[in-house]
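> Quick one, what's the 3D model for this:
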Amino acid sequence: MDIFEKIAEKIMSEILIDFPFLSEPVKFVHKVPREFKLKRSKWRNWRLEVKDNSGIKPLPMLREGGKPLGGPLQIHLVYVAPDLGRRYVEEVISDKNELLRQRFAEHNLGEIVSYSIKFYEWIEQNVGKTRENIRKVLIEAIKESSDLPEGVVVVPVVIGPSYRGWYYEDVKREASRLGKHSQIILWDNFVDMNEETAATLACDIYVEALIQENIDKLEELDGLVWRLANPADGEGETVYVGFDYSRDREGRISGAFALLCDSYGRLISVRHAPLTSDYITEEAARDIFVYILERASKYAEKKGLKKPVRVVFYRDGPLRPLERVNIVRGFERSLKALGLDEKVMCLDLVEVIKRHSKRMYSRYRGEITNPWFGEYVVMPVLSGFHDGRALVSSTFVDFKKIEEEGLDYTVKPVEIRFTSYSSRMSNIEKIVNEYLALTALNFWSPLRRPKLCLPLILAHNLANLTRIGVQPRLPE
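Numbers count the residues shown, from 1 in each chain. The predicted structure is shown next:
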């Protein structure tokens with residue numbers, strides 16, 4: 001046995017693997033090659049330094065005394081529910097609405113002042129007819145709730161059949177057409193709703209209602225729920241742009257969204273680009289950057305902030321070579337159009353890759369486990385393509401919950417690649433730290449962190465709406 005172990009050890013020590021992006025072949029061993037550097041972000045603690053109206057720092061759970069920056073709202077919920085026996089459904093809704101009302105108040109979001117119920121016929125064997133019933137009843141319910149007192153915000157909550165179907169698109173489309181944001185929850189999930197689900201749904205309702213009522217005056221808000229206490233870039237001179245293409249059901253490009261946030265993660269505005277191909281043209285890039293820089297400068301002046309001298313452009317997925325060229329040329333043209341100094345203004349293109357085959361593992365109490373949030377591995381760059389690459393663990397792992405409940409899952413990191421186009425080149429550490437800071441601003445849940453940063457999440461959500469035929473109302 002010892003002989004075989006010695007032979008195996010000798011073979012393992014002599015096998016070399018030649019990676020084209022490494023400076024030299026590496027031995028087939030279980031350790032990170034010297035070209036790869038493991039680092040931990042300053043944002044690795046998930047209770048990050050953010051600021052809300054209570055002034056509590058670091059990030060409090062809203063139920064621990066935090067007050068959302070958008071201020072309290074008064075909400076009237078319109079439930080569109082299946083007729084499974086009206087008395088039974090009314091009892092269920094009364095019970096779950098009380099749970100929602102408590103979570104809404106407990107998280108300092110305001111008050112759910114009232115609710116109403118409209119029933120639709122759920123025909124188990126006829127999906128198409130059920131879909132049409134939901135659509136018609138939703139329209140009636142929204143129109144009937146138009147005479148509520150001033151200051152009360154109407155939010156439709158559609159309790160759908162216990163299957164996912166095309167009715168989702170109808171709900172989003174019809175509610176948007178009538179100027180309302182909407183929430184959809186399956187009947188089985190509604191019946192089984194616990195306190196954690198109710199808290200998340202309460203935040204969903206709050207944020208959607210806040211955006212609905214302030215879509216043309218987002219700049220006047222100091223944030224939706226919370227914002228970073230300190231700027232993500234450390235200077236307050238950067239604007240962050242999330243960019244994502246929208247596609248129709250057949251996969252054809254139907255446009256793209258560029259969503260703009262300031263250095264504190266506050267939503268400034270949204271720009272829709274009417275593209276017909278899956279790469280951004282130079283002209284479209286120029287128009288987007290002119291809009292971004294003009295809007296961000298006016299915003300900074302109004303808020304008494306520093307004028308932006310740097311743009312970080314996040315792309316959900318890899319950039320094609322032609323896209324990269326068009327974006328840079330469009331940026332240069334926008335600077336000339338606005339009379340801005342090319343030597344002062346900076347552009348960082350950041351590609352956020354979710355679909356890849358790479359994994360990160362860590363050791364916890366002697367066992368192989370998921371890495372902590374904020375741990376990242378700096379990888380060698382591909383010469384001529386990028387200035388920096390890293391695998392980033394951007395999902396919070398609750399080790400205590402894993403240990404108590406025996407949960408077993410793997411967190412897949414995102415791969416971040418960046419390229420700087422300026423005399424003041426950024427580094428991968430700065431890019432990763434900014435990205436992780438912006439993942440703190442998950443307005444839709446007080447309990448979870450998203451894998452994507454805020455600008456990309458919002459751009460992605462808007463792109464998904466247009467994919468199903470919904471034309472979201474955007475700032476003027």
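
> Would you agree residue 182 is in contact with residue 156?
Yes: at 4.6 Å, residue 182 counts as touching residue 156 under the criterion of Cβ atoms under 8 Å. Quick note: C-beta positions are derived from backbone N, CA and C, even for glycine.

> what is in contact with the two at once?
Each of 138, 171, 175 lies in contact with both residue 182 and residue 156 under the rule Cβ atoms under 8 Å, 6 or more residues apart in numbering.

> pLDDT wise, what is the last one at?
Reading off the confidence values, residue 175 has pLDDT 88.

> Could you do the first one as well?
Turning to residue 138, the model gives it a pLDDT of 94.

> Just the buried residues of the helix or strand hosting it, please?
Using DSSP states H and E, residue 138 maps to helix 127-144. Neighbour-count burial for helix 127-144, counted by 16 or more other Cβ atoms under 10 Å, picks out 130, 131, 132, 133, 134, 135, 137, 138, 139, 141, 142.

> residues touching residue 188, list them.
So residue 188 contacts residue 162 (Cβ under 8 Å, 6+ apart).

> what about it, which helix or strand?
helix 187-191.

> Identify each buried residue in that helix, please.
187, 190.

> distance between it and the chain's centre?
Centre-to-centre, helix 187-191 and its host chain are 25 Å apart (Cα atoms, centre = their mean, to the nearest Å).

> Now that helix: average pLDDT?
93.

> next SSE after it?
helix 195-214.

> by contact count, what packs against that next one?
Here helix 195-214 touches strand 73-82, helix 86-106, strand 152-160, strand 183-186, going by 3 or more Cβ pairs under 8 Å, 6 or more residues apart in numbering; DSSP states H and E.

> Redo the ones you listed as TSV? Include mean neighbour count and distance to residue 417.
Converted to TSV, these look like this (neighbours: other Cβ atoms under 10 Å; distance: least, Cβ to Cβ, whole Å):
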stretch	mean neighbour count	distance to residue 417
strand 73-82	22	40
helix 86-106	16	40
strand 152-160	23	39
strand 183-186	17	35
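
> Look at residue 142 and report its pLDDT.
91.

> Apologies, that question was intended for residue 277.
72.

> can you tell me the helix or strand for it?
Going by DSSP H and E, residue 277 is not in any helix or strand.

> Any idea how many residues pack against it?
10 (other Cβ atoms under 10 Å).

> residues touching the nearest residue to it once chain neighbours are set aside, list them.
Nearest residue to residue 277 in three dimensions, chain neighbours excluded: residue 253, at 5.9 Å (Cβ to Cβ, 6 or more residues apart in numbering). Neighbouring residues of residue 253 by Cβ under 8 Å, 6+ apart: 245, 246, 247, 275, 276, 277, 278.

> could you measure residue 253 against residue 103, distance?
Going from residue 253 to residue 103 by Cβ to Cβ, to the nearest Å gives 40 Å.

> same check, this time on residue 82
Residue 82 sits 23 Å away from residue 103, going by Cβ to Cβ.
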